[in-house]
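# With the sequence up front, the predicted model follows.
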Amino acid sequence: MSNQNTKGAVLLAAGEGRLLKAFGDEITLHLTGEETGGKFTMWTEITPPGGGPPPHYHLKEDECFYVQEGRFGFFLGGQWQEHGPGSVVYMPRSIVHTFKNIGEKPGRLLITTYPSGFERFFARCAEEFEQPGGPNMDRILAISAEHGIHFAES
């Protein structure tokens, strides 16, 4: 039996992780900055048909998408491209991008942002979406700006 250093190791069983709901999406946080020492955040996002964020860019994070289920359109470099299961799309920070579920069923993405921090943005937005009467969109825009996320024209 070898003596392995497991300090900082994380093992999450299927179905485990913190669940957040906002923007019509459901995300399950798998790894956050707390577990990765601030290196990255990883989550599964389930997006309904037609769902996806408006065009935006991040000042703080690079973002990587792995399509697990469904068909998604990704906007990058001024163009839309369609991608299905097994596709990987990388969006560097400061590049205007978005995605949209173009299928007829909910789609599933595994998303990773580098460095971590996106989980705090989404958790704050989820709190706004839980408010009676729905979210205050001016507050959502303010939270976005505080986290270096800005909306743009496609």
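Ah, there it is.

# start to end distance for stretch 86-105?
Length of stretch 86-105, first residue to last, CA to CA, to the nearest Å: 17 Å.

# chain center to that stretch, what's the gap?
Distance of stretch 86-105 from the chain centroid (CA atoms, centre = their mean, to the nearest Å) equals 10 Å.

# middle-most residue in this protein, spatially?
Note on the chain: the residue nearest the mean C-alpha position is residue 111, at 5.4 Å, using CA atoms, centre = their mean.

# can I have the host helix or strand of it written out in CSV, keeping just the CAs?
Taking DSSP states H and E as the definition, residue 111 sits inside strand 107-114. C-alpha atoms of strand 107-114 as CSV (Å, rounded to 0.1, in the frame of the first residue of the first chain):
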residue,chain,number,x,y,z
GLY,A,107,-29.6,20.4,-23.1
ARG,A,108,-26.7,19.6,-20.8
LEU,A,109,-23.3,21.4,-20.7
LEU,A,110,-20.3,20.7,-18.6
ILE,A,111,-18.7,24.2,-18.1
THR,A,112,-15.4,25.2,-16.6
THR,A,113,-14.2,28.7,-15.9
TYR,A,114,-10.6,29.7,-15.2
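
# In the protein, which helix is the longest?
helix 118-129 (DSSP state H).

# Buried ones in it, by neighbour count?
By neighbour count with 16 or more other CB atoms under 10 Å, helix 118-129 contains the buried residues 118, 119, 121, 122, 123, 124, 125, 126, 128. C-betas here are computed from N, CA, C, even on glycine.

# what does the strand holding residue 111 rub up against?
39-47, 49, 58, 61-72, 99, 101 (CB atoms under 8 Å, 6 or more residues apart in numbering).
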